[in-house]
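J.: Next come a sequence and a model predicted from it.
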Amino acid sequence: MKGERADKLAFEREMLALGAEYIAGVDEAGRGPLAGPVVCAAVIMPLGEGELIEGVDDSKKIKESERERLAALIRERAVAYKICEADSETIDRINILEATKQCMKRCVEGLSVQPDVVFTDGDFKIGIRLPQQSIVKGDALSYSIGAASILAKVYRDGLMRELDKKYPQYGFAKHKGYGTKQHIEAIREHGLCEIHRRTFVKKLSAGPEKSGERNT
């Protein structure tokens, strides 16, 4: 376990050695679904040996109940964190990559403590003036990005469970908006609702578009 932890702190240690004090990890949840927002999180975690949270990893590798537990610990121990959303309308207007980058930027700029360096998951840069490092598969390789991935995932899953109450016919609580067989069949039967990403589902909806009014 200590070797695993050491690996996840390699990028952080490099920046600390260069004089950085606050390192922000940034990640998203929900780039791929057919419905709902993309959610981004930025978090600055304390990195002292006795302050690390065991089990932080790529959120997709962690069971839901464990993610919930870890997210609560991350929020409690974080030096600062910020969670933002970009809705389906924004995603359709400027595309998912640009929506994600803008959402990440708002998260970093919304932190109550300014980081010395920003780690982002992926192979792209966001439009900030702070030093930043893009790390492919960063949610599995960096403790800071892993913490951000857990915050984003838990927040978005909770949001989709709430949206399921407004649009129960689509099963959002179960699949969180991803393109499962159940979801695609529901789209073909009921058409699209307000939170569907039109640019993601152009070929799927055989029926008319539906407003949210029938569920309110």
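T.: Cool, got the structure.

J.: buried ones in stretch 168-182?
T.: The neighbour-count check on stretch 168-182 (16 or more other C-beta atoms under 10 Å) flags Y170, G171, F172, H175, K176, G177, Y178, G179 as buried. In this view, the C-beta of every residue, glycine as well, is placed from N, C-alpha and C.

J.: Ignoring the adjacent residues along the chain, who's closest to the fifth one?
T.: Counting by C-beta to C-beta, 6 or more residues apart in numbering, K176 lies nearest to M160, which is 4.4 Å off, once chain neighbours are set aside.

J.: Let me know whether that neighbour touches G177 as I believe.
T.: Yes. Between M160 and G177 there is a contact under C-beta atoms under 8 Å: 5.8 Å.

J.: sorry, back to before: what's the first helix or strand after whichever strand or helix holds the residue nearest to K176?
T.: M160 belongs to helix 143-166 when assigned by DSSP states H and E. As assigned by DSSP H and E, the chain's next helix or strand after helix 143-166 is helix 172-175.

J.: Overlap in contacts, M160 and G177.
T.: By the contact definition C-beta atoms under 8 Å, 6 or more residues apart in numbering, M160 and G177 are jointly contacted by G36.

J.: Domain map for this structure?
T.: Per automatic domain parsing, the domain ranges recorded for the chain read 2-155, 164-215.

J.: Output those as CSV; include the columns mean pLDDT.
T.: Formatted as CSV, the domains of the chain follow (pLDDT from 0 to 100):
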stretch, mean pLDDT
domain 2-155, 95
domain 164-215, 83
